[in-house]
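> Quick one, structure for this:
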Amino acid sequence: MRSLTRLAFVLAFPGLLLLPGCGATTLGVRAQALPAGHSERVMESSVDGMRLAYLLDIPHGEPPEEGWPLVLFLHGAGERGDDLSLVMVHGPPRLLDEIPELSMCVLVSPQCPKVSWWRPAPLLALVDEVCAGSDVDPSRLYVTGLSMGGYGAWGLLAEAPGLFAAAVPISGGGDPGRLWPKLAMGFEPGSGFELDDLLRARDVPVRVFHGEDDRIVPVGESRLLVDALREAGAPVEYTVYPGVGHDAWTRTYSDPTLWSWLFAQHREDHAP
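Numbering: from 1, shown residues only. This next block holds a predicted model:
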């Protein structure tokens, strides 16, 4: 079993502007003990009106000289709310004892509020805050997400094309407004992004996964973005699972070769 520290944090961010990256912050902090070795931290300021609770898993022991790699995991719409245990239903947070590479990284798993949608500004502020408080390798920041989190991962690449060393969007797309009424899904106008902004991330290695028979987010949503990146010469790999519906993530995240590939990626401008 993995030896790690799992912390439960709550951040509130209205009105604070932070630049993407691993810079220091000056936010106020309150901390209090929670059961089972967890702790809670409440930030006194906020970004873009979004309050984020999140799980933070940090390996025990001395970090490598260059710091730990960091994985930002974004869950799907069904895990929104104020119960952090939902964040551990799918993906990396439930695989900590099964995937060796995950035992050697800082894993950040925020929870999106129930009536909202992933937005880049609070997530970038969260990455900034975690980097400032942990031994993190700035050349090895990764983002992955499923369904709504796949949309979030694409959006972060478009918003901060120079931040991440690699990305793995699963069952996602670029513009949720094409598929669902905004009020029903709880996302705001402008939740999508301009394709030209995504193309600024053409140098970021991306592996994209989608089920061919997905009836929630049609496979064409991923294909549209993949085709645009390929036309721009981007190093993007695209896997479509025949006969698979919306859940393309169980198969993807359980594949050890995905994690070997992911943790081998570095941002060249920060490589040692």
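
> What pairs with the helix or strand Phe73 falls within, parallel or antiparallel?
Per DSSP states H and E: Phe73 is located in strand 68-74. Applying DSSP bridges, strand 68-74 is found paired with strand 106-111 (parallel), strand 136-146 (parallel).

> least reliable of the ones you listed going by mean pLDDT?
Among the strands paired with strand 68-74, strand 106-111 carries the lowest mean pLDDT, a mean of 92.

> ok, Arg80 touching Val89?
No. Here Arg80 does not reach Val89: they are 11.7 Å apart, not a contact under Cβ atoms under 8 Å. Placement of C-beta: from N, CA and C, glycine included.

> Who is the spatially closest residue to Arg230 that is not a sequence neighbour paired with across the strands?
Excluding the flanking residues, the one nearest Arg230 by Cβ to Cβ, 6 or more residues apart in numbering is Val236, at 6.0 Å. As for beta bridges, Val236 partners with Val206 under DSSP bridges.

> same check, this time on Ala53
So, taking DSSP bridges as the rule, Ala53 has Val10, Gln111 as bridge partners.

> Report how many residues lie close to it.
By other Cβ atoms under 10 Å, the residues close to Ala53 number 22.

> where in this structure is pLDDT low?
1-48, 177-192, 269-272 (pLDDT under 70).

> The nearest residue to Met50 once chain neighbours are set aside: what secondary structure?
Among residues not flanking Met50 along the chain, Pro122 sits closest, at 4.0 Å (Cβ to Cβ, 6+ apart). For Pro122, the assignment made with DSSP: H, G, I helix; E, B strand; the rest coil gives helix.

> how near is the residue nearest to Arg230 to Leu225?
8 Å (Cβ to Cβ, to the nearest Å).

> again with Gly149
Taken as Cβ to Cβ, the span from Gly149 to Leu225 is 15 Å.

> again with Asp135
33 Å.

> Compare the two and say which is more crowded by neighbours.
In this view Asp135 and Leu225 are compared by other Cβ under 10 Å, and Leu225 has more residues nearby, 27 against 15.

> Does that one touch Trp154 like I think?
Yes. With contact defined as Cβ under 8 Å, Leu225 counts as touching Trp154 (6.3 Å).

> Now do the shared contacts for these two.
Gly173, Gly174, Leu198 (Cβ atoms under 8 Å, 6 or more residues apart in numbering).

> and which of those residues is nearest to Trp249?
Gly173 (14.5 Å; Cβ to Cβ).

> Distance check, the closest one against Val217.
Distance from Gly173 to Val217, by Cβ to Cβ: 6 Å.

> now the strand holding Phe73, how far from the centre of its chain.
7 Å (Cα atoms, centre = their mean, to the nearest Å).

> Can you tell me what sits against that strand?
58-59, 91-93, 102, 104-110, 112, 118, 123, 126-127, 130-131, 134-137, 140-146, 148-150, 152-153, 156, 262-263.

> Just the buried ones among those residues, please.
58-59, 91-93, 102, 104-110, 112, 118, 123, 126-127, 130-131, 134, 136-137, 140-146, 148-150, 152-153, 156, 262-263 (16 or more other Cβ atoms under 10 Å).

> all helices in this structure, in order from the N-terminus.
Secondary structure of the chain, counting by DSSP state H: helices at 120-133, 148-159, 182-185, 195-199, 219-231, 249-253, 256-263.

> Among these, single out whichever gets nearest to Pro205.
helix 256-263 (8.2 Å).

> Give me the contacts around the closest one.
By Cβ under 8 Å, 6+ apart, helix 256-263 touches 69, 71, 99-102, 105, 140, 142, 144, 166, 168, 207, 252.

> ditto for stretch 207-225
With Cβ under 8 Å, 6+ apart as the criterion, stretch 207-225 contacts 147, 150, 154, 166-174, 178-179, 195, 198, 226, 236-249, 251-252, 258, 261-262.

> now could you export just the CA positions of that stretch as CSV?
Extracted as CSV, the C-alpha positions of stretch 207-225 are listed here (Å, rounded to 0.1, in the frame of the first residue of the first chain):
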residue,chain,number,x,y,z
ARG,A,207,-3.1,11.6,-25.7
VAL,A,208,-6.8,11.7,-26.3
PHE,A,209,-9.2,8.9,-25.6
HIS,A,210,-12.9,8.4,-26.4
GLY,A,211,-15.5,5.6,-26.8
GLU,A,212,-16.8,5.2,-30.3
ASP,A,213,-20.4,4.6,-29.0
ASP,A,214,-20.4,7.5,-26.5
ARG,A,215,-23.9,8.9,-26.4
ILE,A,216,-23.2,11.5,-23.7
VAL,A,217,-20.3,13.3,-25.4
PRO,A,218,-20.1,12.2,-29.0
VAL,A,219,-16.7,11.0,-30.2
GLY,A,220,-16.8,13.8,-32.8
GLU,A,221,-16.2,16.3,-30.0
SER,A,222,-12.7,14.9,-29.4
ARG,A,223,-12.1,14.3,-33.2
LEU,A,224,-12.7,18.0,-34.0
LEU,A,225,-9.9,19.1,-31.6
